[in-house]
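> mind folding the following:
(one chain, ligands or ions: 2)
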Amino acid sequence: MTGQAVDATRTGGCLCGAVRYALSGPLRDVIACHCRECRRQTGHYLAATAVKRRYFALLRDDGLRWYQSSAIARRGFCAACGSTLFWDAPAYPHLAIAAGSLDDDAGLRLVVHIFVEECGHYYTPGDGARTVRGRDHGLAVPE
Ligand SMILES: [Zn+2]
Ligand SMILES: [Zn+2]
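Ligands and ions are numbered 1, 2, ... in the order given. Down below sits the predicted model:
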């Protein structure tokens, strides 16, 4: 069921362990963003779930650094190992979390590709999931 992923505490973190977090509420399905900023930061594109802020807790933030990547958002990454971790627009009631940083991603599905007009020439977004131009994916973050 789209947008109603498993409701259970999950943990995640970066490659080296200098950043760890816990998510105590339901997660949104995964969105792949092909915008230029996500492509630059990740080296390919960003696949991210999201959670309401009240369900998010940092367990360890020794390596966590933020980069203000646009007027509306900053990106969290590990300064020690370089892992992509968070996309954070303070005006939004949720935090986007790199799906690959989860310890256990069971139950999540990649359901939509956004900003496909900015994807690289070397691949085609698709794999059966919806594709949209721009940011309007239409998915709600579960309460
Ligand atoms: Zn790290
Ligand atoms: Zn993006």
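
> now do the contacts for the closest residue in space to Ala89 that isn't next to it in sequence.
In space, and not counting its chain neighbours, Ala89 is closest to Ala73: 4.2 Å by C-beta to C-beta, 6 or more residues apart in numbering. Just so you know, the C-beta spots here come from the backbone N, C-alpha and C atoms, and that holds for glycine as well. Applying C-beta atoms under 8 Å, 6 or more residues apart in numbering to Ala73 gives the contacts 87-89.

> Ala99 touches Asp105, doesn't it?
Yes: between Ala99 and Asp105 there is a contact at 5.9 Å, judged by C-beta atoms under 8 Å.

> shared neighbours of those two, anything?
Counting by C-beta under 8 Å, 6+ apart, the common neighbours of Ala99 and Asp105 are Thr49.

> of the two, who's got more company?
Shown here are Ala99 and Asp105; by other C-beta atoms under 10 Å, Ala99 has more neighbours (21 against 18).

> what residues are up against that one?
Taking C-beta under 8 Å, 6+ apart, one finds 30, 47-49, 105, 108, 110 in contact with Ala99.

> grab the nearest non-local neighbour of the spatially most central residue of the chain.
When the chain is reduced to its mean C-alpha position, the nearest residue by C-alpha atoms, centre = their mean turns out to be Ala48, at 2.4 Å. In this structure, Ala48 finds its nearest non-sequential neighbour in Ala96, 4.3 Å apart by C-beta to C-beta, 6+ apart.
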